[in-house]
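# Could you look at this predicted model? Sequence included:
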Amino acid sequence: MTCAELEDRLFDEDCRAALLGTAVVPADVAEHAARCPACAEQWAEAVADTRLLRGRLLVAPPPGLLRGLYRAFRPWRGARTLRVDAETLSWGIAGGALGAALAGAALAPGPREWAGFCVGASLALALVALRGARRAWLAPWGVLCGEVSRRIARLVRVV
Amino acid sequence: MARARQGGCGEAGRGRQVGAGPLDPWAQDAALARRCLAGDEIAWRELVDRHSPHVYSLCLAAELTSSEAEDVCQEVLLSALRSLRGYRGCRLSTWLYRITRRRIADHFRAPGRRDVALGLPGDPTFPEARPAGPDVSAEAARASECDRLRREIAGLAEPGRSILLAYYVGDVPVREIALDWGMPENTVKSHLRRGRMVLRARLEEEA
């Protein structure tokens, strides 16, 4: 390592942690500083500056603010769970309605086809619920699976 | 070293800063965010404890009053909680720094923010008196030193000032500052080096 390279390394993340005293000095830097007094001095200056800047500029927020922020987590978690359930339910209803419309558009659906549709849609919705409804694009699978299973049931009846 | 694409700061953005491993800060941040999303309250407290001083201090450095800084800090962290699912790629500190910057700009744009009445003694908006004690003068001296440093930083030219604040107060890595500002890493380092030297010289002069 050269002196210029050390000067460049001072702002890297591993060096920043070392300058703040939260990590050990990286081996390459320590090795170079040990045999170069100018760079050792530069390192010492960087330690002093970094700690001074952080020490004076970093202010802890008031405890009341922190308490408020801690408390905000539970309502958020609760609302998120409710939102996921509502999302699953709404997609389920939409999937069911569309599947029923598709079934109605087809030729005289029989009870076995309807049963197939319900089973397929339920399985797909269970899958969506299991995944925590993380992706909105998962929901159309409810419709697709319902329609596919209805057609399979129809095919089975024909065979 | 190849530059990561603008706007993202994923694996390619890490450069040689810290190697991947159990202590990789990027991986630690991602794990902390995942734990929060999974509903782990301790993880949320850890996130607040670790990052709220940076957010709050950025607000103070933007010359907001302490009560305004509290409001903005709260808004930033609550907004981060609501949009945590969208966090990926960069350091949490960088992500929060970006939200803070936007919120501070919104705050300055808001028409009703100026000249907020502090109320009368006894009103909830009236500032609380600090208890007198032996360390009051030491605290006051420290506060005045901090103010002096903030003034010196406020006097620096842009983009040096913002880069210095992002690095030292926002805890944003050089690589991610470079991506935000669309400049090479070495230019960011030059700004940091120059800013630090100017500040040191001015503080020594005053001392």
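Perfect, thanks for sending it.
# going forward, measure contacts between C-alpha atoms and count neighbours the same way
Noted.
# which regions of the chain lie under the pLDDT threshold?
In the absence of a named chain, this looks at chain A. A:78-90, A:92-110, A:112-113, A:116, A:124, A:126-147, A:150, A:157-159 (pLDDT under 70).
# try chain B instead
B:1-23, B:111-139, B:206-207.
# Name the SS class of the spatially most central residue of it, please.
Central residue of chain B (Cα atoms, centre = their mean): B:Gly170, 3.1 Å from the mean position. When classified by DSSP: H, G, I helix; E, B strand; the rest coil, B:Gly170 comes out as coil.
# you'd agree it is up against B:Val55?
Yes. At 6.9 Å, B:Gly170 and B:Val55 qualify as touching, with contact defined as Cα atoms under 8 Å.
# Find the residues that touch each one of these two.
Taking Cα atoms under 8 Å, 6 or more residues apart in numbering or on different chains as the criterion, B:Gly170 and B:Val55 both touch B:Tyr97.
# Who are the contact partners of the residue nearest to the residue nearest to the centre of chain B when sequence neighbours are not counted?
Nearest non-adjacent residue to B:Gly170, counting by Cα to Cα, 6 or more residues apart in numbering or on different chains: B:His54, 5.3 Å away. Residues in contact with B:His54, defined by Cα under 8 Å, 6+ apart, are A:58-59, B:169-171.
# which element is B:His54 on?
helix B:41-61 (DSSP states H and E).
# repeat for B:Ala105
helix B:92-109.
# okay, that helix in PDB with CA atoms only?
What follows is helix B:92-109, C-alpha atoms only, in PDB (Å, rounded to 0.1, in the frame of the first residue of the first chain):
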ATOM      1  CA  LEU B  92     -30.500   1.400   6.100                       C
ATOM      2  CA  SER B  93     -28.700   4.600   7.000                       C
ATOM      3  CA  THR B  94     -28.700   5.600   3.400                       C
ATOM      4  CA  TRP B  95     -32.300   4.800   2.900                       C
ATOM      5  CA  LEU B  96     -33.300   6.800   6.100                       C
ATOM      6  CA  TYR B  97     -31.000   9.600   5.000                       C
ATOM      7  CA  ARG B  98     -32.900   9.900   1.700                       C
ATOM      8  CA  ILE B  99     -36.300   9.900   3.500                       C
ATOM      9  CA  THR B 100     -35.000  12.500   5.900                       C
ATOM     10  CA  ARG B 101     -33.700  14.800   3.200                       C
ATOM     11  CA  ARG B 102     -37.100  14.700   1.500                       C
ATOM     12  CA  ARG B 103     -39.000  15.300   4.700                       C
ATOM     13  CA  ILE B 104     -36.800  18.200   5.600                       C
ATOM     14  CA  ALA B 105     -37.400  19.700   2.200                       C
ATOM     15  CA  ASP B 106     -41.200  19.200   2.700                       C
ATOM     16  CA  HIS B 107     -41.000  20.800   6.100                       C
ATOM     17  CA  PHE B 108     -39.400  23.900   4.700                       C
ATOM     18  CA  ARG B 109     -41.900  24.100   1.900                       C
END
